[in-house]
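*Asks:* sequence? don't have it. structure:
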């Protein structure tokens, strides 16, 4: 009984909200007016170029659920959430090359893929297992190389440069390392940390804690439950973008205690608040996606002319709730669509110039074939 009471107290503390200002200091950040629905356009109007790549389907390369995609060194790397695998295809023809999958608790085995990155000039993939708190290194052929233990919990990471890594850390069973951003060297020794975590959220909502490479020695970091994205180097973290949703954003509600997940979502929907903000950045564009109620919004922001457009969400068109950004390659947004989605979109978005490309891509695709990789470049 005593243990139960103690556990309840701990949970209440973890779900409690410590009062802070809603928006932190954004001095120096580029403010982006995110007024919902402004400058809405159809997907076809905004696209400059689009590519459809069929990912080869075989018994060994069958994909369950695509979590994220990276393209590097003329290879496509797909994180399959369902099978907890990294599948490797050739770029741009989509031919299957190999799969990295080593599930278990033995030497060289991981329990789950939380994130992965490609190690340049080594033909190796580094896999983060948040459960085991380890980084695993595998060659492209799937063979195990090494593993290192991380002294904190993290869900994503990347290399700032050849000597420094950036981790996000938002779950806390060790207050000593409770920071939103942690910098380590290649031995995983902590060198720097930013944003001590003082508030805990009731439920994990949306993307958050995203990291994306910007230059050779910096990254863009979007913390959990934040509308401020930061530029991170090994020595500093400064506000880079402020996504201003005005009265549609209420950070505090994301930290309030809730009776359950359904009631938590109900409160957000009732107030018509924004949640689940995610973003991808390329040289010329920022693609932001987020939710209000049951609707996913997709926003294209041109960094050169500061023009922002909302893409109309159509139930059966190319852009709907299933059109989820998976990453960026050069100036192309990466998404994946199943062939039924594309076929339906062809009948809805009839005026899209790229319909012929799509038709050729989905010809002869079967229900069990892998999703199609879609690379979208927006107009400057």
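*Replies:* Received the coordinates, thanks. Every value quoted in this text rests on a predicted model; they were computed, and no experiment measured them.
*Asks:* What is the least confident helix or strand in the protein?
*Replies:* Ranked by mean pLDDT, DSSP states H and E, the weakest helix or strand in the chain is helix 2-14, scoring a mean of 38.
*Asks:* next SSE after it?
*Replies:* Next helix or strand after helix 2-14 toward the C-terminus (DSSP states H and E): strand 30-33.
*Asks:* Can you mark which positions in that following strand are buried?
*Replies:* Using 16 or more other C-beta atoms under 10 Å as the test for burial, strand 30-33 gives residue 32. Every residue, glycine included, has its C-beta placed from N, CA and C.
*Asks:* partner strands of whichever helix or strand comes after it, parallel or antiparallel?
*Replies:* Next helix or strand after strand 30-33 toward the C-terminus (DSSP H and E): strand 40-41. Within its sheet, strand 40-41 is paired with strand 308-311 (parallel), according to DSSP bridges.
*Asks:* tell me how far the partner strand is from the chain's mean position?
*Replies:* How far strand 308-311 lies from its chain's middle: 20 Å, per C-alpha atoms, centre = their mean, to the nearest Å.
*Asks:* now swap in stretch 67-80 and tell me
*Replies:* Using C-alpha atoms, centre = their mean, the offset of stretch 67-80 from its chain centre is 13 Å.
*Asks:* Could you list the buried residues of that stretch?
*Replies:* Neighbour counts over stretch 67-80 (16+ other C-beta under 10 Å) mark 67, 68, 69, 70, 71, 75, 76, 77, 78, 79, 80 as buried.
*Asks:* Show me what it is in contact with.
*Replies:* 53, 55, 63-66, 81, 85-91, 94, 97, 113, 115-118, 120, 123, 125, 140, 326-327, 329, 334, 336, 373 (C-beta atoms under 8 Å, 6 or more residues apart in numbering).
*Asks:* Ends of that stretch, what's the gap?
*Replies:* Between the opening and closing residues of stretch 67-80 lies a distance of 6 Å (C-alpha to C-alpha, to the nearest Å).
*Asks:* I'd like the average pLDDT over it.
*Replies:* Mean pLDDT, stretch 67-80: 95.
*Asks:* Kindly report the same for stretch 316-326.
*Replies:* Regarding stretch 316-326, the rounded mean pLDDT is 90.
*Asks:* So for it, first residue to last residue, what's the gap.
*Replies:* First residue to last in stretch 316-326 (C-alpha to C-alpha) measures 20 Å.
*Asks:* now swap in stretch 226-238 and tell me
*Replies:* 14 Å.
*Asks:* Now that stretch: buried residues?
*Replies:* 226, 227, 228, 229, 230, 231, 232, 233, 234, 237.
*Asks:* same deal with stretch 353-363?
*Replies:* 354, 355, 358, 361, 362.
*Asks:* was I right about the second one contacting residue 346?
*Replies:* Yes - if you go by C-beta atoms under 8 Å, residue 355 and residue 346 touch, sitting 5.6 Å apart.
*Asks:* so where is this structure shaky, pLDDT-wise?
*Replies:* Scanning the chain for pLDDT under 70 picks out 1-25, 171-174, 200-209.
*Asks:* Residue 225 should be in a strand, yeah?
*Replies:* No - counting by DSSP: H, G, I helix; E, B strand; the rest coil, residue 225 is not found in a strand; it is coil.
*Asks:* If you count neighbours, what's buried in stretch 94-111?
*Replies:* Those buried within stretch 94-111 under the rule 16+ other C-beta under 10 Å are 94, 96, 99, 100, 101, 102, 110.
*Asks:* Which pair in the buried residues of stretch 226-238 has the greatest spatial separation?
*Replies:* 227 and 234 (25.0 Å; C-beta to C-beta).
*Asks:* so residue 374 touches residue 337, yeah?
*Replies:* Yes - contact criterion C-beta under 8 Å: residue 374 and residue 337 qualify, at 5.6 Å.
*Asks:* This protein: helices as residue ranges?
*Replies:* If DSSP state H is used as the criterion, the helices of the chain fall at 2-14, 43-46, 261-270, 339-348, 355-362.
*Asks:* What's the local residue count around residue 339?
*Replies:* 21 (other C-beta atoms under 10 Å).
*Asks:* what's the distance between residue 225 and residue 327?
*Replies:* Using C-beta to C-beta, to the nearest Å, residue 225 is found at 22 Å from residue 327.
*Asks:* quick one: which of those two has more around it?
*Replies:* Shown here are residue 225 and residue 327; by other C-beta under 10 Å, residue 225 has more neighbours (22 against 16).
*Asks:* Quickly list what residue 192 is bridged to.
*Replies:* residue 183.
*Asks:* quick one: residue 264 and residue 270 touch, right?
*Replies:* No - counting by C-beta under 8 Å, residue 264 does not reach residue 270; the two are 11.0 Å apart.
*Asks:* check contacts around the residue lying closest to residue 100 once chain neighbours are set aside.
*Replies:* Nearest residue to residue 100, sequence neighbours excluded (C-beta to C-beta, 6 or more residues apart in numbering): residue 86, at 4.2 Å. Going by C-beta under 8 Å, 6+ apart, residue 86 touches 77, 78, 79, 80, 99, 100, 101, 113, 116, 125, 127, 138.
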